[in-house]
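# Provided below are the primary sequence and the corresponding predicted coordinates.
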Amino acid sequence: MVCSTWRRGLVGMFGAGLLVLGGCSTSRANAKVNDEWMARVPDAQLGDVRQAQMAQQKADESVKRAAVEVEDAKSAESAAKHNEDAAKSRRAASQKTLEAAMSKGRAEAISQAQNDLQDANASVAAASSEVAYRKRAVSTKEAMRTLRERERSVADAQLAQEQYQALKKSGDVRAQKLNASKFDAELADARRKEEEAQRDVDAQRQQEQQARADWKQKQESAQGYGGSGSSTK
């Protein structure tokens with residue numbers, strides 16, 4: 001009785017192990033065509049594959065450009081922070097000049113120092129709002145980089161699907177080893193993520209535009225006072 005129970009338990013464990021292995025095999029079903037297989041597909045049947053390859057290359061280049069744009073945006077943010085620090089230093093100097101004028105009780109000097117401090121405050125406000133805008137610009141560029149990466153994933157999935165279709169149309173029986181539904185599922189998933197990334201870009205861009213409008217308003221005010229208002233781009 002004990003031996004019989006032990007055997008049944010062993011068989012059950014072995015059977016469960018096979019199920020797990022089988023499940024893993026299914027979950028790892030190929031969604032990529034072997035390059036050696038594609039080499040046997042007649043070139044005349046590779047038109048759609050060639051177009052998909054060009055789209056993939058273009059998407060890859062877009063990812064690289066997006067990464068450069070992120071670095072450029074970060075550089076602009078660093079420059080804006082430097083301008084903000086300089087504006088704050090000028091404001092501190094103006095404050096000390098006003099305090100010195102007030103200690104001497106000279107009305108004309110006090111009036112001039114007050115005007116200078118007002119200009120300095122406006123410059124700081126403009127510089128700080130530019131920093132806020134540049135931060136938003138970095139976030140937008142980072143979201144754009146993510147979008148480009150999602151677009152590249154779509155291009156990858158489309159290429160894999162076109163390769164599968166070409167292999168299948170060529171009559172290669174090895175196409176039967178591939179899971180057709182997995183190609184469709186991966187392309188659908190890539191497109192879904194691309195749409196999500198696009199929505200994030202739209203949201204980030206709207207916030208960036210609002211921050212830029214606030215910066216421009218404060219910049220005009222600073223220039224009206226006689227301040228620099230930092231950069232104008």
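Here it is on my side, so go on.
# tally of neighbours for Gln209?
Residues contacting Gln209 under the criterion other C-beta atoms under 10 Å number 13. C-beta here means a position set from N, CA and C on the backbone, and glycine is covered the same way.
# secondary structure element for it?
Following DSSP states H and E, one finds Gln209 within helix 180-225.
# from the middle of its chain, how far away would that helix be?
Remark: helix 180-225 is offset 9 Å from the chain centroid, using C-alpha atoms, centre = their mean, to the nearest Å.
# then stretch 97-113?
52 Å.
# can you list the domain ranges for the chain.
Split into domains by automatic domain parsing, the chain comes to 1-30, 31-225.
# contacting residues for Ser139?
Gln204, Gln207, Glu208 (C-beta atoms under 8 Å, 6 or more residues apart in numbering).
# can I get the buried part of those as one ChimeraX selection?
Selecting only the buried entries of these in ChimeraX, with 16 or more other C-beta atoms under 10 Å as the criterion:
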select :204,208
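# just the strands in this structure please.
For the chain, applying DSSP state E gives no strands.
# and the helices in it?
2-27, 35-38, 47-104, 107-169, 180-225 (DSSP state H).
# adding mean pLDDT, write these out as CSV.
Output for those, formatted as CSV (pLDDT from 0 to 100):
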stretch, mean pLDDT
helix 2-27, 41
helix 35-38, 79
helix 47-104, 95
helix 107-169, 94
helix 180-225, 93
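# which of those helices is buried the deepest?
Comparing those by mean neighbour count (mean count of other C-beta atoms under 10 Å), helix 107-169 ranks first with a mean of 21.
# quick one: that helix to helix 180-225, angle?
In terms of direction (axes from the mean of the first three to the mean of the last three C-alpha atoms, to 10 degrees), helix 107-169 departs from helix 180-225 by 160 degrees.
# helix 107-169 vs helix 47-104, what angle?
Using the same axes, to 10 degrees, helix 107-169 lies at 170 degrees relative to helix 47-104.
# list the contacts for Met102?
Residues in contact with Met102, defined by C-beta under 8 Å, 6+ apart, are Ile110, Ala113.
# mind redoing it with 6 Å?
Counting by C-beta atoms under 6 Å, 6 or more residues apart in numbering, Met102 touches Ile110.
# same question, Val124
Here Val124 is in contact with Ala87, Lys88, Arg91 (C-beta under 6 Å, 6+ apart).
# spatially nearest residue to it (excluding sequence neighbours)?
Of all residues not flanking Val124 in the chain, Ala87 sits nearest, at 4.6 Å (C-beta to C-beta, 6 or more residues apart in numbering).
# the one you found reaches Ala127, doesn't it?
Yes: Ala87 is within contact range of Ala127, at 4.2 Å (criterion: C-beta atoms under 6 Å).
# and Ser111, how close does it get to Pro42?
Using C-beta to C-beta, to the nearest Å, we find Ser111 at a distance of 88 Å from Pro42.
# again with Glu196
From Glu196 to Pro42 the distance is 39 Å (C-beta to C-beta).
# likewise for Met144?
Distance from Met144 to Pro42, counting by C-beta to C-beta: 40 Å.
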